[in-house]
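1. What follows is a predicted protein model with its sequence.
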Amino acid sequence: MNYSRGSDIVSNATTGKQGFPNPLQWIGAASLGLFSEVGRLFIFFLKVMATAFTPRWYLAQVWKQMVNIGFYSLPVVGLSAVFIGAALALNIYEGGSRYGAEQFVPSIVVLGITRELGATITGLMLAGRVSAGISAEIGAMRVTEQIDALETLSASPFRYLYAPRFLAAIIALPLLVLVADIIGIMGGWLVSVYALDFDSTTYIRNTMDFLTNNDVIVGLIKAVVFGAVIATMGCYQGDRSEAGATGVGRAATLAMVGAAVLVLATNYIMSTLFVEIGL
């Protein structure tokens with residue numbers, strides 16, 4: 001058989017007649033691959049969500065994952081929040097001083113932290129820490145055939161592995177965001193009082209007068225969605241991990257990058273919806 005002729009046909013399909021790359025075919029292949037990947041991810045998400053909200057629940061696994069996702073993430077979330085709040089206060093003061101509007105620093109800080117930065121920064125931090133960790137853990141189980149062993153014993157990996165992580169993430173993320181909001185606002189207060197010479201009592205009063213329940217609710221809703229995104233992406237990439245250390249590492253990287261991009265994308269979509277409905 002003439003194998004060289006077959007390889008020439010494949011090569012000509014990928015490149016032009018003269019051997020030049022075919023950009024239209026590349027664009028088409030990339031588009032089809034993207035839609036196919038999005039479809040697989042969406043189906044995986046629906047399966048995880050359906051399993052997470054129907055019995056039976058492994059509560060011990062849920063609690064264990066809540067500790068791993070929530071408690072062990074407190075240091076990085078707290079440090080990130082305090083510096084974000086401090087930097088936000090400094091920049092708002094610098095911009096407001098050009099127009100004599102320094103008094104709006106506490107109002108803008110509390111609004112920016114509760115509605116936007118608290119949830120987003122927490123989501124991005126956990127996309128790096130939690131999503132990659134989940135992916136690496138499940139990927140190692142996949143390549144060592146532990147997940148296959150579960151299926152052999154008629155134990156669903158969706159119910160025993162993925163659903164507990166999903167539930168833990170959507171519970172732990174709002175709690176972490178509440179902590180991040182408080183610490184971030186305190187970071188802005190510290191800089192404003194001790195570096196920008198604001199009166200502490202006036203700053204706190206202005207903060208509390210401007211803060212509304214809707215501001216906090218918006219951040220918590222975002223946190224629930226971010227938790228679902230982070231857990232789903234970590235489980236999905238880990239489940240599709242290839243054999244070997246390289247495959248597990250690649251899955252962890254894809255989980256981290258994909259979760260971070262989806263956090264930013266869903267944040268914009270939700271912010272737009274909240275503005276449209278007046279929340």
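-> Nice, thanks for sending it over.

2. tell me the contacts of Tyr236?
-> Tyr236 is in contact with Arg40, Leu41, Phe44, Phe45, Ala255, counting by C-beta atoms under 8 Å, 6 or more residues apart in numbering. For glycine as for every other residue, the C-beta is placed from the backbone atoms N, C-alpha and C.

3. Counting by contacts, list what the helix or strand harbouring the third one packs against.
-> Assigned by DSSP states H and E, Phe44 falls within helix 23-52. Where contact means 3 or more C-beta pairs under 8 Å, 6 or more residues apart in numbering; DSSP states H and E, helix 23-52 is packed against helix 163-194, helix 213-239.

4. can you give me the offset of the last one from its chain's centre?
-> Distance of helix 213-239 from the chain centroid (C-alpha atoms, centre = their mean, to the nearest Å) equals 6 Å.

5. After it, which helix or strand is next?
-> Heading C-terminal from helix 213-239 (DSSP H and E), you reach helix 245-277.

6. Buried residues of that following helix, list them for me.
-> Residues 248, 250-252, 254-260, 262-263, 266-267, 270, 274 are the ones in helix 245-277 that count as buried (16 or more other C-beta atoms under 10 Å).

7. three-state assignment of the closest residue in space to Asn206 that isn't next to it in sequence?
-> Spatial nearest neighbour of Asn206, excluding adjacent residues (C-beta to C-beta, 6 or more residues apart in numbering): Pro106 at 4.3 Å. Secondary structure, DSSP: H, G, I helix; E, B strand; the rest coil: Pro106 is helix.

8. Pull the number of nearby residues for Pro106.
-> Using other C-beta atoms under 10 Å, Pro106 has 25 neighbouring residues.
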